[in-house]
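Asker: Quick one: sequence plus predicted model below, questions after.
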Amino acid sequence: MEKINIKLTVNGREVSSDCEPAKTLLDFLRDDLGIKGVKKGCEIGECGACSVIMNGEAINSCMVLAPQAEGAHIITVEGLEKNGELHPLQKAFIEKGAVQCGFCTPGMLLTAKTLLDKNLTPTRSEIRKAIAGNLCRCTGYKQVVDAIEHAAKVMSGGNP
Amino acid sequence: MNPKVLEPGKLKKGFAVITKPLTRPDSEDKVTGRAVYADDLNMPGALFARQVYSEHPHAIIKNVDTSLALKYPGVKAVITGQDAPGKKTYGNVIEDQPAIAFDKVRHMGDVVAVVAAETERQARAAAALVKVDYEILPGIFDPREAMKEGAPLLYEEKKTNVQIPQKVRNGDIEKGFSEADIIIEEEFTTPFVEHSYLEPEAALAFIDSNGSIRLKGSFQNPFTARRVIAEFLGIGKNRVRIQKTTLGGSFGGKDEIMSGIGCRLALLTSITGRPVRMANSREDSFVESHKRHPFYMKYKVGAKKDGRLCAVKSEVVVDSGAYCSMGPYVALRGIVQGAGPYKVDNVYSDGFSVYTNNPYAGAMRGFGSPQTNVAIEAIMDILAEKLNIDPVEIRLRNVIEKGDKSPTGQVMNHESGLREALETAAESIKWEEKHEKYSVPQEGPLKKGIGIACCMRGVSLGAEGLDAAAASVSVQDDGSVIVTTGISDHGQGSQGVMTQIVAEVLGINASRVIYFEPDTALIPDSGPTVASRGTFMGGNAVKDAAEKVKAKLLKIAAELLETPENKIYAADDIYYAEDNPDIIVGFEDLVDECTGRAVPLFDYGWYVMPHIHWDEEEGVGDAYYTYVYSVNAAEVTVDTETGKVTVDNFVASHNSGRALNPTQFLGQMFGGSSMGIGFALYEELELEEGRLQTLNFDKYTLPTACDLPEFVGHIVERPDPEGPFGAKSLGEPATEVAAAAVLNALAQATGNRVQHLPASLERVLLGKKLTKKKKT
């Protein structure tokens, strides 16, 4: 299959790469760019393990073809840390016990970031709605919701 | 070296590390994407392997033609069942499962050939060119039918589809019923359930520099896989080395399937001389992996007017699918725990695991008990209603306490804590007020109900097999510490718990300790990480190793502190004398001193579960050495116009011995509860004559964050003298009684009891499952 060139920004870094046109963004990120924090769980847009942020929105990267991301700004879990410091969400996930097997964690963090980027004072019910597309088989979600709520308070400068 | 003076306030009483909510050592890797899972691995020159699945649920393999596949570009090898150099079949109880099917296929997930090619795309394309000539056999898809005379046999030579029947016989069942004031007879069924770990199976195999074969991958039980692979290849176990990668969940699932995958990759790498890797898609995982056993249960229970149980009789038929896997032991645990955590003198139970041409079933979190708990706990509520006793009260009248006999006649040598667990759960969910309120007719389409259920669980393997585990603790000369165990972390948090145990024993900060995942070349066989035995068995082994190292440290500290060893305490990196707190020695200085004297600060730990006596022939005795106890309470709202059930509140109350890490303890409780709620309301694999209709999460419904309540957890701590620092088990107890509680709440809300799981919309609304018309 003839490859096509795509240019996009991943975690603030400009990337130019030749890619098979039918390749998903998920496979492109994992296999072509070696960004393994994006997880493959179902490949039909049901589990959310492959969630990344594309132009400010959390999307299932298995449901987007790589060429559709031409010119896009992508954030993966590897892009959450800033200057060696963990994002408040990452810290909260550690502190609140939101991580067990960890396979859903990257997608969950990115969905949560998208929520908090728009709403720093979400209710627990709004948090649950936001992450309803990210399946977790380990935690029962309570400690995940705790973590996102805690991070929101930290980020809004409130008293968590 | 001169001992120093203790800073004021440094001296601490009680535990310094365990019981503290320390964060998990693996969580930073997991929130940054650095954690390496099996499918993240690759090696230069690695081939990709792709398996070919059976086309029929039951057929004789007449011929496998690989010639076209072999000619496909990029293909380096194609293997079939005939290529196994050693033993063709494996299994923990009965060796009936082939890594690659060779004589027959017995379910749709059987692998008949495997292709290794340069790229995944080539491997998949070539796999489609493998031509198999089958002679189709009649299939059998219901275990109750499969037990009957004349049913098609999966294994002709066995002359029956029934595996190894299990039984419990205690007291005199007829006498028990003759003494009963009331007798309840009910039937229950549960479906095939998918483990649904978020990470599908994957592995990588390559030939090591010493000629041994190394495998890295999502192995739940590295020692089991090593044995199976070595026997399949016909080589020594020392020539197969398994390193598990970070596991994206397992729940009992990444067991036999990983042994099979390991065999195929090991053979392909030895044939081609190249590294070979594979990764299952979700659909592959659904087709090939084992499931939770469907149970077909008939119960007859007798009780006195005051609610005290006098007889429990049950017959449990277990659909084992194509292979035995853990079938008989799942049936055994199901019936041993199937009379509830109650004082009942007369028990008569049979458990039959039966072959069918369905997907095979095996270990899944709970291991037979979530199914039987649904039955016995429903019957407890039926009794309560008929006898006009509150459901909490009827349980309080029956629960086992220390010194009581279990339903298998075992004298319980530990506190159950069930009274407190029931009371805290009831209080927490506001039982009295709500149970009364929901007992009267409710207006409108939304009906509320509240339910409670309790259970006991045998810790670790018990009557299921030999039970021992190993660990090693090694203090480096800079004061950093390595702990290894044969116990795997599937995501449940063993890393943290083991680290905390070492730190507690050595009196050091947990941040000094690093945990390495099991490596079969570096640690003795510790059995599988199953049966909620990780903390109990692995923790005891780790504690043993750490205590041996501590003894060496204390010997030197005694000299430095001029105090007898038994008067020295250690905490927060400081060793000090109880009688003379003015002088102290820091951990690093002490290690330095030991290094100077060539004292080896390394040791192995080994723990063997105390002996028990279970009489398999008679079906009576001590089934497990010790037990844990759980209570779950649920409040639901049922929309009687749609059948939708919403769990509004859920309380879990557990006596699992001492909670070594409360955050992780609660995490297990909540996660386990959610799996139980899924079992009660949503999860079911649809099958049509052995063919799966649910192949991914679009049709297989898992609970989302919007489907689950704000869980509340209560830790009822009853430290057990045999557990590490009094800890016992939690992984499975966390899940096994949740469905029973939800279904009891549902029954109160609607007045109709759902006894065939899951309580899906149509079962709640219409009382039956709607099935599609069969294709003609």
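Answerer: Yep, that arrived. Since the model is a prediction, treat every value here as computed from it, not as a measurement. Numbers count the residues shown, from 1 in each chain, chains lettered A, B, ... in the order given.

Asker: you'd agree residue B:604 is in a helix?
Answerer: No. Residue B:604: not assigned to a helix; according to DSSP: H, G, I helix; E, B strand; the rest coil it is strand.

Asker: Look up which residues are beta-bridged to it.
Answerer: residue B:472 (DSSP bridges).

Asker: was I right about it contacting residue B:483?
Answerer: No. Counting by Cβ atoms under 8 Å, residue B:604 does not reach residue B:483; the two are 11.5 Å apart. Any C-beta I mention is one placed from the backbone N, CA and C, and that applies to glycine too.

Asker: tell me, what's touching the two both at once?
Answerer: The contact sets of residue B:604 and residue B:483 overlap at B:471, B:472, B:545 (Cβ atoms under 8 Å, 6 or more residues apart in numbering or on different chains).

Asker: report the longest helix in chain B, please.
Answerer: Ordering each helix of chain B by length in residues (DSSP state H) puts helix B:539-561 first.

Asker: C-terminal to that helix, what's the next element?
Answerer: For helix B:539-561, the following helix or strand on the C-terminal side (DSSP states H and E) is strand B:568-571.

Asker: Can you pick out the residue with more neighbours from residue B:604 and residue B:483?
Answerer: The residue with more neighbours, out of residue B:604 and residue B:483, is residue B:483; 23 against 16, by other Cβ atoms under 10 Å in any protein chain shown.

Asker: where are the low-confidence patches of the chain?
Answerer: In the absence of a named chain, this looks at chain A. The model of chain A has pLDDT under 70 over residues A:159-160.

Asker: You answered for a different chain; I wanted chain B.
Answerer: For chain B, the stretches with pLDDT under 70 are B:1-13, B:772-776.

Asker: Residue B:354: what secondary structure?
Answerer: Applying three-state DSSP: residue B:354 is strand.

Asker: Name whatever forms a beta bridge with it.
Answerer: The partner residues for residue B:354, given DSSP bridges, come to residue B:162, residue B:319.

Asker: and residue 33, how many neighbours does it have?
Answerer: Picking chain A for this. 19.

Asker: Chain B, not that one
Answerer: Residue B:33 has 23 neighbours, counted by other Cβ under 10 Å.

Asker: tell me which element the spatially most central residue of chain A falls in.
Answerer: Centroid-nearest residue in chain A, with Cα atoms, centre = their mean: residue A:110, separated by 2.8 Å. Counting by DSSP H and E, the element that carries residue A:110 is helix A:105-118.

Asker: How about residue B:469?
Answerer: Going by DSSP H and E, residue B:469 is in strand B:468-475.

Asker: who's in contact with that strand?
Answerer: B:481-487, B:498, B:502, B:506, B:522-527, B:533, B:537-538, B:540-542, B:544-546, B:548-549, B:553, B:591, B:594, B:601-609.

Asker: how about the helix holding residue A:110, does it get close to chain B?
Answerer: Yes. Using Cβ under 8 Å from any Cβ of the partner chain, helix A:105-118 comes into contact with chain B via A:105, A:106, A:109.

Asker: just to revisit the earlier point, so what secondary structure elements neighbour the longest helix of chain B?
Answerer: strand B:468-475, strand B:481-485, helix B:494-506, strand B:568-571, strand B:574-577, strand B:584-586, helix B:587-596, strand B:602-608 (3 or more Cβ pairs under 8 Å, 6 or more residues apart in numbering or on different chains; DSSP states H and E).
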